[in-house]
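# what's the 3D shape of this:
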Amino acid sequence: MARRSVCCTTSSPEIIQNYAVIRALGAGKYGQVKEVQHKGSKQRFAWKQVLSDSSPESEPEVQLLRNLRHQNIIQIHEVYSAPGVVDMVLELCTEGSMKRYMRSRVEKCDGASIYCPPGRHEIARSLFQLLSAVSFLHQNEVAHRDIKPDNVLLSGRTWKLADFNLACNFGSRTRKVMRSKAGTRPFMAPEVLEKGRSYTEKCDIYSLGVLFIALRTGQHYWHPESCEDEQGAEVARSLLTEERWQGMGRGALPFAVEMISPEADRCDAEEALAKPWLVQQLGGPLVGEVSCCSIS
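Have a look, this model is predicted:
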């Protein structure tokens, strides 16, 4: 799939005919996102334009979002194309990204910036929703590979995974082994950074572990430049003793360590959903909240 940097682009005639642009929401190296309103229904959506020489049917993100339906995964409504671009009309999450949410919790005190974390129940609820989405993806042999605060969006009180540009099918159906370096520092698992090494869908659990730590403390845990398992294990264990991480709480810290441990020792999504800290903070398993999902 050919990619180019964002520059002047055309749009599909259907987009221009059916939607009015409200405002720009963001732009990256390979695409841009705008808030739009359907001229007929007046309903608002996110219009994501991706520079691509592929047809919509062969655009990986389109294929994945069309096939996977889950309440904690961004939904796709329509797809159009024009020469060199694919236009996706997506569910709009009006409250913005988790990165924006975290920034809103920074307060100034005597000239210093102080991060005020959400309560433990709210963090557990957020983590539960994201783990539910990741568990669903992994059950359907899809790895997201770029989980970070920018790619987690809020709609009401519901967090949703977005931006599947780097998502990848794996497992028995495709027989594909993941080896390419994909993701964003510091959310990339050590095994993903290790040149020539294959890795599994547990790279998403590592990313969620780093996100969990950031949401609880306002700090980014950073793994060593060397990607050897032994060093990764040592750094993960150091979280239990380093003073700066003690604010996470006694129960949350071991849970975070399990999520960022070396791949062989790392919990999977289903195991993470059953961990005592998460269940206790939520007041018991929330099985009903995971039921709204399907694959077509």
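# got any ranges where the stretch 51-200 of the chain has weak pLDDT?
58 (pLDDT under 70).
# Which parts of the stretch 1-150 of the chain are strands?
Using DSSP state E, counting those that start in this stretch, the strands of the stretch 1-150 of the chain run over 19-27, 31-38, 44-51, 68-70, 76-82, 85-90, 106-109, 112-115, 142-143.
# Just send those strands back as CSV, with mean neighbour count too.
Just so you know, the C-beta spots here come from the backbone N, C-alpha and C atoms, and that holds for glycine as well. Converted to CSV, the strands of the stretch 1-150 of the chain look like this (neighbours: other C-beta atoms under 10 Å):
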stretch, mean neighbour count
strand 19-27, 13
strand 31-38, 18
strand 44-51, 21
strand 68-70, 20
strand 76-82, 19
strand 85-90, 22
strand 106-109, 9
strand 112-115, 11
strand 142-143, 23
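# now these as CSV including distance to Val134?
Converted to CSV, the strands of the stretch 1-150 of the chain look like this (distance: least, C-beta to C-beta, whole Å):
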stretch, distance to Val134
strand 19-27, 23
strand 31-38, 22
strand 44-51, 21
strand 68-70, 10
strand 76-82, 19
strand 85-90, 19
strand 106-109, 27
strand 112-115, 25
strand 142-143, 9
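# I'd like to know which of the ones you listed lies nearest to Glu122.
strand 112-115 (14.4 Å; C-beta to C-beta).
# Note down every partner strand of the closest one and its orientation.
strand 106-109 (antiparallel) (DSSP bridges).
# Residues contacting the partner strand, please?
With C-beta atoms under 8 Å, 6 or more residues apart in numbering as the test, strand 106-109 has contacts from 113-116, 218.
# to the chain's geometric centre, what's the distance from that strand?
Distance of strand 106-109 from the chain centroid (C-alpha atoms, centre = their mean, to the nearest Å) equals 27 Å.
# Just the CA trace of it, in CSV.
C-alpha atoms of strand 106-109 as CSV (Å, rounded to 0.1, in the frame of the first residue of the first chain):
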residue,chain,number,x,y,z
VAL,A,106,-3.2,19.2,35.2
GLU,A,107,-3.5,22.1,37.6
LYS,A,108,-1.1,25.0,38.4
CYS,A,109,0.1,25.2,42.0
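# Tell me which stretches of this protein form helices.
Taking DSSP state H, the helices of the chain run over residues 13-18, 60-67, 98-103, 120-139, 190-193, 203-217, 229-238, 252-260, 269-273, 276-282.
# With mean neighbour count and distance to His38 added, can I get those helices in JSON lines?
Formatted as JSON lines, these follow (neighbours: other C-beta atoms under 10 Å; distance: least, C-beta to C-beta, whole Å):
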{"stretch": "helix 13-18", "mean neighbour count": "14", "distance to His38": "6"}
{"stretch": "helix 60-67", "mean neighbour count": "18", "distance to His38": "18"}
{"stretch": "helix 98-103", "mean neighbour count": "16", "distance to His38": "25"}
{"stretch": "helix 120-139", "mean neighbour count": "21", "distance to His38": "26"}
{"stretch": "helix 190-193", "mean neighbour count": "21", "distance to His38": "39"}
{"stretch": "helix 203-217", "mean neighbour count": "24", "distance to His38": "33"}
{"stretch": "helix 229-238", "mean neighbour count": "16", "distance to His38": "47"}
{"stretch": "helix 252-260", "mean neighbour count": "22", "distance to His38": "40"}
{"stretch": "helix 269-273", "mean neighbour count": "18", "distance to His38": "35"}
{"stretch": "helix 276-282", "mean neighbour count": "17", "distance to His38": "37"}
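# I'm done for today, thanks for sticking with me.
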